[in-house]
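Undergrad: Pasting the sequence and the predicted coordinates here, then a few questions.
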Amino acid sequence: MYKVYILYSSIVGKYYTGMTSLTIEDRLAYHNYKNKSFTQQANDWEVIFTKDCKSKKEAALFEKKIKKRGAKRFLESNS
């Protein structure tokens, strides 16, 4: 099973959208402490949205949908 998630950092005031087959807790720990990409800008990332997907393909399509719309707008229209 895969999960699509949206993180938010108040330090940088930005959202991050991703997908994983790990637990959300493990993935969040990676983003906050071990990452060397976009999320290394801050260490206060918090999970604000998750969705379970049955396959990697389904998760990739849903992640793309969120990124195309923008995480903030996606959250506003789905709250």
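TA: Nice, I can see it.

Undergrad: Okay, Lys14 and Cys53: tell me how far apart.
TA: 24 Å (CB to CB, to the nearest Å). Every C-beta, even on glycine, is put in place using the N, C-alpha and C of the backbone.

Undergrad: got it, and Lys67?
TA: From Lys67 to Cys53 the distance is 15 Å (CB to CB).

Undergrad: Who has more neighbours out of these two?
TA: Neighbours were counted for Lys67 and for Cys53 using other CB atoms under 10 Å; Cys53 has more, 18 against 13.

Undergrad: Could you pull up the residues touching the closest residue to the more buried one other than its chain neighbours?
TA: Leaving aside its chain neighbours, Cys53 sits nearest to Ala59 (3.9 Å; criterion: CB to CB, 6 or more residues apart in numbering). Taking CB atoms under 8 Å, 6 or more residues apart in numbering as the criterion, Ala59 is in contact with 2-4, 19, 53.

Undergrad: lowest-pLDDT helix or strand in the protein?
TA: In the chain, no helix or strand scores lower on mean pLDDT, DSSP states H and E than helix 24-29, which sits at a mean of 93.
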